[in-house]
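J.: Test case, fold it:
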Amino acid sequence: MSDPSALPSHLEEAHRRLAAGAAQILPEGGLAEKLAAADRAGRPLRVKHGIDPSGTELTIGHAVVLRKLRQFQDLGHLVVLVVGDFTGMVGDPSGQSITRRQLTAAQTEANSATYLDQLMRVLDPDRIEVRRNSEWLAGMTLADVVRETAVLTVAQLLERDDFAKRFAAHQPISLSEFLYPFLQGYDSVAIEADIELGGTDQTYNLLVGRDLQRAHGQVQQVVLTLPLLEGLDGVQKMSKSLGNYVAIAEPAAEQFGKLMSIPDPLVARYATLATDLGPDEVAGIERAIAQGGSGANAAKRQVARAIVALYHPDPAAEQAEAAFNQVFQRREIPTDVPEVRLPDGDPVHLPAVLRAAGLVPSTSQARRQLADGAVRVDGTRLGPDTLDLPRADLVGRVVQVGRRHAARLID
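T.: Model (predicted):
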């Protein structure tokens, strides 16, 4: 039953909801067949998603897939999260122009622990199965690997866009990177996945899972991919390494302020991929953005509030907007800021203070911000040559770098 319109009404509605926003569903009609088969068998679908523990923060870009997983859960299906504690030590080459840094077992374990805490902000813990792929990959012998990889060919691997580009440019591709799609694909065999979700950059790896399942005599999984969310710069994929991200665990005010910096052409895309707003609401946002002016600003605020509300309880979104207005519209001094102790000495070297407070990544960046007139103390802009200030001029004052980063200095 590959035609969704031929499904019973409750399954047709489930299909419509699950297919909404998907970039691809492979094979065509596969999702309808899976839903019908699970309904006949009276069992939930096993919906797989792999977590690459390469960092410590999940972003609203990651949440595009997570929120689709939650839709499967809300319809009664089981999400199987595969923590790549073994594959994390290899490094996913997807989208990479250079060989990825390999992580240690301790690093992958620490990162995955923080990931799981954040995942539960989106997923239902009662409909989840968490597995670590070291369970089945760490015990493989070389003979096992040789036998399993016979399913794949070098020609197949070089069909991948990132591998093809690196090969053509004579850039190195490690053998471990060639093995990564096999390792991720074998996860689907080990957990007997019905469906696997991922970003569009994962399509190749997800299809390898189908090949390996077929070789093992399993019913092949359906692949459902979702678009990649551009970061705040409006160009690159959202990434912590690029600094263009909004983390799902960030304070509400920080999230709101970042989201208000989204380029206007991306606002409707964020509304579609990162909120629960319906199609009619998204269409209204598109019209408001196209018209510009105060309506466009109101539309951007609507999207920012909707995203913040997903990760923070009421009334955090409204409070975050009020804090934004205080700093950005009325240009008042922010009050709800962390306190940072001044270093010893008098006078105080301001670039070192800004770096120690976490307001800039380095003292050289602090000097650039001062030179650009981006540093204020209690709302007063500092001159470009202000590198040292008397201690008494800083104690109890709020220092700001730009509009979103501030701290109160204490003795």
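J.: which intervals of this protein have sub-threshold pLDDT?
T.: Along the chain, the model assigns pLDDT under 70 to residues 1-2, 53-56, 89-113, 327-336, 379, 403.
J.: Longest helix of it, counting residues only.
T.: In the chain, with assignment by DSSP state H, the single longest helix is helix 293-311.
J.: Which residues does it contact?
T.: 60, 63, 67, 121-122, 246, 248-249, 252, 255-256, 259-260, 262, 264, 267, 270-271, 274-277, 281, 284-285, 288-289, 316-318, 320-321 (C-beta atoms under 8 Å, 6 or more residues apart in numbering). Just so you know, the C-beta spots here come from the backbone N, C-alpha and C atoms, and that holds for glycine as well.
J.: Which of those residues are buried? Put it as a ChimeraX command.
T.: In ChimeraX syntax, the buried subset of the contacts of helix 293-311 is picked out as below (16 or more other C-beta atoms under 10 Å):
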select :60,63,67,122,246,248,252,255,256,259,260,262,267,270,271,274,275,277,281,284,285,288,289,316,317,320,321
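J.: Just the ones in helices from the contacts of helix 293-311, please.
T.: Among the contacts of helix 293-311, DSSP H puts 63, 67, 252, 255-256, 259, 267, 270-271, 274, 281, 284-285, 288-289, 316-318, 320-321 in helices.
J.: Can you report phi and psi for the residue nearest the centre of the chain?
T.: Per C-alpha atoms, centre = their mean, the C-alpha nearest to the average position across the chain is that of His62, at 2.5 Å. With angles defined as degrees, to the nearest 10, His62 sits at phi -60, psi -40.
J.: about what we covered before: just how off-centre is the longest helix of the chain within its chain?
T.: The chain centroid and the centroid of helix 293-311 are separated by 19 Å, computed with C-alpha atoms, centre = their mean, to the nearest Å.
J.: Same question for stretch 220-228.
T.: Taking C-alpha atoms, centre = their mean, one finds stretch 220-228 lying 16 Å from the centre of the chain it belongs to.
J.: start to end distance for that stretch?
T.: 25 Å (C-alpha to C-alpha, to the nearest Å).
J.: So what touches it?
T.: 18, 21-27, 30-31, 33-34, 48, 61, 64-65, 68, 188, 193-203, 206-207, 209-210, 213-214, 237-238, 273.
J.: how about a cut-off of 7 Å?
T.: 21-26, 30-31, 34, 61, 64-65, 68, 188, 193-203, 206-207, 209-210, 213-214, 237, 273 (C-beta atoms under 7 Å, 6 or more residues apart in numbering).
J.: just to revisit the earlier point, now the residue nearest to the centre of the chain: closest residue in space, sequence neighbours ignored.
T.: Ile248 (7.5 Å; C-beta to C-beta, 6 or more residues apart in numbering).
J.: Phe324: helix or strand, and which one exactly?
T.: helix 316-324 (DSSP states H and E).
J.: among the contacts of stretch 220-228, which are in strands?
T.: Gln24, Ile25, Leu26, Ile195, Glu196, Leu197, Gly198, Gly199 (DSSP state E).
J.: of those residues, closest to Leu81?
T.: Comparing the ones in strands among the contacts of stretch 220-228 against Leu81 with C-beta to C-beta places Leu197 closest, at 10.7 Å.
J.: and that closest one, how many neighbours?
T.: When neighbours are counted by other C-beta atoms under 10 Å, Leu197 registers 25.
J.: OK, contacts around it?
T.: Contacts of Leu197 were listed using C-beta under 7 Å, 6+ apart, and they are Val47, His49, Val65, Lys68, Leu69, Leu224, Leu226.
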